[in-house]
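Asker: I'd like to go over a predicted model; first the sequence, then the structure.
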Amino acid sequence: MFLFRKKNTRNEKLVDEFEFETVVLNKKGEVFKRIKSRASQFSEVLSSDLSIEMVYIEGGILNMGEAIGLCFEDNKPVHPVSIPSFYLGKYPVTREQYKFIIGKFPPVDEGCLKRPVERVSWFDAKNFCKKLTKITGRKYRLPGEAEWEYACKAGTNTPFYFGETITTEYVNFVGLYSFAGEPKGNYRHKSTEVGIFPPNLFGIYDMHGNVFEWCEDSWHPNYINAPDDAHPRVNNSEDKVIRGGSWHEPPEVCSSITRVRYNAHEPEDRIGFRIALSE
């Protein structure tokens, strides 16, 4: 039987399911489990051959800052956060998506169109969301820091959503350094195409390594007085939060809980972003 689906329009989200497989690594970097799963997504159609896939993230409780084996002062105190359901970009925003919406590449950021856009400031990322919102009628935004961590962990409490460690077979980072008992790997010296490594258990790709991702939140040195919901902590500071590490970072910087402070006005060749949408 053939199922004919109504064509996606600017005012309608056509949600569909997709299948994927992820892996779980032990401390030696060996795969000891493969998990097949499904998630829901919709495609924000930009043109006949270009779209942005948005994955549905069901809400829940995040123990923010918790990751067994890691203990950073700026991730204390560990605290529960209630996360409402939302949509998150399946991949970081790519160069071709950015050019389509903004009309040009950031300076010196051409090359492979399927790689994440880099050299974008926090304000550049916000402008992308604003223009995409105007085109689609949906209120796109940057994810809050709590949303980002919740989506990255995907129900895990290990340092990485792949488990106890990462290797350069599954993440683009500086493999000259080891995190646990895994062998050293490659240093690619640049970002890689989105989606070439396995996703996490929510069906989200590239949240460890490849490029840092801007969050909505202003920088705070710790979680003292942090909200117990998903609202970003925003003030007038020019310092914002970036998450996820990059192709130029050692493994610990790429963990699910690592927070980095960066000036909102400064683009960098290893910083990109992905977009979010409230349900």
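Answerer: Nice, thanks for sending it over.
Asker: going forward, measure contacts between C-alpha atoms and count neighbours the same way
Answerer: Fine.
Asker: So Phe179: helix, strand or coil?
Answerer: The local conformation at Phe179, judged by DSSP: H, G, I helix; E, B strand; the rest coil, is coil.
Asker: Show me where this protein has its helices.
Answerer: 95-102, 122-136, 145-153 (DSSP state H).
Asker: Deepest-packed of these, please.
Answerer: Each of those was scored by mean neighbour count; the highest is helix 145-153, a mean of 26, by mean count of other C-alpha atoms under 10 Å.
Asker: re earlier: go through the helices of the chain and name the closest to Asp49.
Answerer: helix 95-102 (10.8 Å; C-alpha to C-alpha).
Asker: Let me see the mean pLDDT of the closest one.
Answerer: Taken as a whole, helix 95-102 has a mean pLDDT of 96.
Asker: low-confidence ranges in the stretch 1-150 of the chain?
Answerer: In the predicted model of the stretch 1-150 of the chain, residues 1-11, 108-110 satisfy pLDDT under 70.
Asker: Just the strands from it, written as ranges.
Answerer: For the stretch 1-150 of the chain, the strands defined by DSSP state E, counting those that start in this stretch occupy 16-25, 31-47, 50-57, 60-64, 79-83, 86-89.
Asker: ok, residues contacting the last one?
Answerer: By C-alpha atoms under 8 Å, 6 or more residues apart in numbering, the list of residues contacting strand 86-89 from outside reads 52-59, 143, 204, 274-279.
Asker: That strand pairs with which strands?
Answerer: Looking at strand 86-89 with DSSP bridges, its partner strands are strand 50-57 (antiparallel), strand 276-278 (antiparallel).
Asker: could those strands be laid out in a markdown table, adding mean neighbour count and distance to Lys130?
Answerer: Converted to a markdown table, these look like this (neighbours: other C-alpha atoms under 10 Å; distance: least, C-alpha to C-alpha, whole Å):
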| stretch | mean neighbour count | distance to Lys130 |
| --- | --- | --- |
| strand 50-57 | 20 | 15 |
| strand 276-278 | 19 | 12 |
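Asker: In stretch 267-279, which residues are buried?
Answerer: Going by neighbour count (16 or more other C-alpha atoms under 10 Å), the buried part of stretch 267-279 is Pro267, Asp269, Arg270, Ile271, Gly272, Phe273, Arg274, Ile275, Ala276, Leu277.
Asker: Pull the contacting residues for Leu201.
Answerer: Neighbour list for Leu201: Thr22, Ser37, Ala154, Gly155, Tyr161 [criterion: C-alpha under 8 Å, 6+ apart].
Asker: Contact partners for the second one?
Answerer: Think Ser37. Listed by C-alpha under 8 Å, 6+ apart, the contact set of Ser37 reads Glu19, Phe20, Glu21, Leu201.
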